[in-house]
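>>> need coordinates for the below:
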Amino acid sequence: MRRLSAFVLPVVLLWLPGAALSAARSDNNSGPSMSGAQMLQCNSPDPARAIIGCTALIRAGVGGQPELLSAAYSARGAAYQKRGELDMALADLNQAIKIDPKSASALRFRGDYYVAQDDLTHALDDYNQAIALNSKAPELFIQRGNAYMINGDFEHALPDYNQAITLSPKLAAAYGNRGEAYRTQGDDDKAMADFDTAIKLEPKLPMAFLARGLVWEDKNDYARAVEDFSQAIKLDANFLAAYDERAMAYEHMGAHDKAMADVAQAIKLDPQNPDAHKLP
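Okay, here's the model as predicted:
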């Protein structure tokens, strides 16, 4: 089996728990809505700001609305996780489910937490429950498919990605992850078709270019691989995996100086792990 690219793991986190307050309303479309500075702060990508905003909402009880109170705990749990405060993160995610046991989004966010901790058994349990509660949410199938992929269970991952595409035919992440499933099984043509679709749907998604570049590498077309890795870097100048992969492609092309320049940049971005960025 070929190595997994960096596509799968980032996409596990593509649907961020920071959007929990919005996701709560998708669980219950008839439920009340909220707005205001604290809600926006709770959804902030900055964990410190999110914790302050979510804590304010939790203390206020968010107007007695259990689905939004649950979402506030989910968002705060995600913020704690970002800061590495894992005990507090899990406590909040558990509380979110306790408050609203029928919240598919709360179960999905705790599943995401378990994936990040390599606890795939508990992650799959949560995703299964979430899908039983809301079988129309494509992101739930993507997340469960990712958990299967990380576990090497491609037989179950592919149907989940297919279902996500059926539910949302324009969802780039579903094609990207299905493409990675095909690529790791050696089906380069199907992988390429899915990565092409993902790029067409979301042309500014660096992970899609990285993944397609890996297919070109698998086909020994290193010039095209370099083009895709370079585009990924253009979209995200700090994309560590793209520098590592481009360095290897350059080395295969005999462009040793360019390869070493990319290795140097990778080490600059990740100085704590210099041995991880050496040419083979």
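>>> show me what contacts the closest residue to Q41 other than its chain neighbours?
Of all residues not flanking Q41 in the chain, G53 sits nearest, at 2.7 Å (C-beta to C-beta, 6 or more residues apart in numbering). All C-beta atoms are positioned from the backbone trio N, CA, C, and that covers glycine. For G53, the contacting residues are 37-44, by C-beta atoms under 8 Å, 6 or more residues apart in numbering.
>>> number of nearby residues for D187?
Look at D187: counted by other C-beta atoms under 10 Å, it has 15 neighbours.
>>> then P206?
Using other C-beta under 10 Å, the number of residues around P206 comes to 24.
>>> quick one, phi/psi of it?
phi -60, psi -40 (degrees, to the nearest 10).
>>> quick one: contacts for it?
Contact analysis of P206 by C-beta under 8 Å, 6+ apart lists 231-233, 235-236, 239, 242.
>>> can I have the buried ones of the contacts of G53 as a ChimeraX selection?
Only the buried entries of the contacts of G53 go into this ChimeraX selection, using 16 or more other C-beta atoms under 10 Å:
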select :38,39,41,42,43,44
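>>> out of the contacts of G53, which is nearest to R76?
C42 (7.3 Å; C-beta to C-beta).
>>> before we move on, the earlier item: out of the contacts of P206, who's the most crowded?
Using other C-beta under 10 Å as the neighbour test, the contacts of P206 are led by A242, with 28 neighbours.
>>> spit out the contact partners of that residue.
A242 sits next to 206, 209-210, 213, 229, 232-233, 236 when contact means C-beta under 8 Å, 6+ apart.
>>> what about the contacts of P206, which are in helices?
Within those, residues falling in helices by DSSP state H are 231-233, 235, 242.
>>> pipe the residues you listed into JSON lines and attach distance to R76 and pLDDT per row.
Listed next are the ones in helices among the contacts of P206 as JSON lines, based on distance: C-beta to C-beta, whole Å; pLDDT from 0 to 100:
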{"residue": "Q231", "distance to R76": "36", "pLDDT": "98"}
{"residue": "A232", "distance to R76": "32", "pLDDT": "96"}
{"residue": "I233", "distance to R76": "34", "pLDDT": "98"}
{"residue": "L235", "distance to R76": "30", "pLDDT": "97"}
{"residue": "A242", "distance to R76": "32", "pLDDT": "95"}
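>>> and which of those residues is nearest to D118?
Closest to D118 out of the ones in helices among the contacts of P206 is A242 (24.2 Å), distances taken as C-beta to C-beta.
>>> what's the closest non-adjacent residue to that closest one?
Using C-beta to C-beta, 6+ apart, the closest residue to A242 is A232 (4.1 Å).
>>> measure that neighbour to D244 for me?
According to C-beta to C-beta, to the nearest Å, A232 stands 11 Å off from D244.
>>> before we move on, what about G53?
For G53, the distance to D244 - C-beta to C-beta - is 36 Å.
>>> show me what contacts K204?
Residues in contact with K204, defined by C-beta under 8 Å, 6+ apart, are L235.
>>> look at it and give its secondary structure.
Judged by DSSP: H, G, I helix; E, B strand; the rest coil, the three-state class of K204 is coil.
>>> ramachandran coordinates for it?
Main-chain dihedrals, K204, degrees, to the nearest 10: phi -110, psi 30.
>>> next one, pLDDT for it please.
The model reports K204 with a pLDDT of 94.
>>> quick one on the thing from earlier: okay, and the residue nearest to Q41 sits in which element?
Element membership for G53, per DSSP states H and E: helix 47-60.
>>> chain center to that helix: distance?
Distance of helix 47-60 from the chain centroid (C-alpha atoms, centre = their mean, to the nearest Å) equals 23 Å.
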